[in-house]
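> Give the three-dimensional model of this entry:
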Amino acid sequence: MENKKSGYRTKEYNQPVKRYCQTLDLKDDPELIEKYKKYHSKEYAWPEIAEGIREVGILEMEIYLLGTRLFMIVETPLSFEWDTAMAKLNTLPRQQEWEDFVSVFQASLPGATSAEKWQLMDRIFEL
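The predicted model follows:
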C-alpha cells in the first residue's frame, strides 16, 4: 500500500516530461480541511475538472497536504506552455464554479482562478 512512509509510485511516460510545483494554503480549520480532502477524493471529485486538466495537456497532477499547506506536482509534455494552458483551463465547463466552490476552504481571494491561487515554486535543490 502506498503511503507517506512507503512512498508513492510515479507514472511512466513514453515521452520526456517536465514538472511544475505549486503551493497553496488552506484555512486553518480542521473541519474545512477534512471536507477539502473529501472533495478531492475519487468518489467526490468533479469529473469535468479532471477532464479539463487532461484537455489542457496535463499528464499527471498530485496534491499533498501537511497541516494547512498544499503542495501540487504537475507533469506535462516538454511542449507544454503554462500560461496558455491555464488561460484555456479557465474557460472550460465548471472550472470557475469549481474554483469558487473550493475557495471556501482555501486562504485565497474569492473569485480567483486556479493560476491566481496556486503559486508556482522555484526549485532550489536537485540531486
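> quick one, what contacts residue 45?
Listed by CB atoms under 8 Å, 6 or more residues apart in numbering, the contact set of residue 45 reads residue 39. Using the backbone N, CA and C atoms, a C-beta is placed for each residue, glycine as well.
> Buried residues, stretch 89-107. List them.
Neighbour counts over stretch 89-107 (16 or more other CB atoms under 10 Å) mark 89, 90, 92, 95, 96, 98, 99, 102, 103, 105, 106 as buried.
> For the residues you listed, give me a markdown table that also has distance to residue 125.
As requested, the buried residues of stretch 89-107 are arranged in a markdown table below (distance: CB to CB, whole Å):
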| residue | distance to residue 125 |
| --- | --- |
| 89 | 29 |
| 90 | 32 |
| 92 | 34 |
| 95 | 33 |
| 96 | 36 |
| 98 | 33 |
| 99 | 31 |
| 102 | 30 |
| 103 | 32 |
| 105 | 30 |
| 106 | 27 |
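> pLDDT and secondary structure for these - can I get that in CSV?
As requested, the buried residues of stretch 89-107 are exported to CSV (pLDDT from 0 to 100; DSSP: H, G, I helix; E, B strand; the rest coil):
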residue, pLDDT, secondary structure
89, 94, helix
90, 92, coil
92, 94, coil
95, 93, helix
96, 91, helix
98, 95, helix
99, 93, helix
102, 95, helix
103, 93, coil
105, 96, coil
106, 96, strand
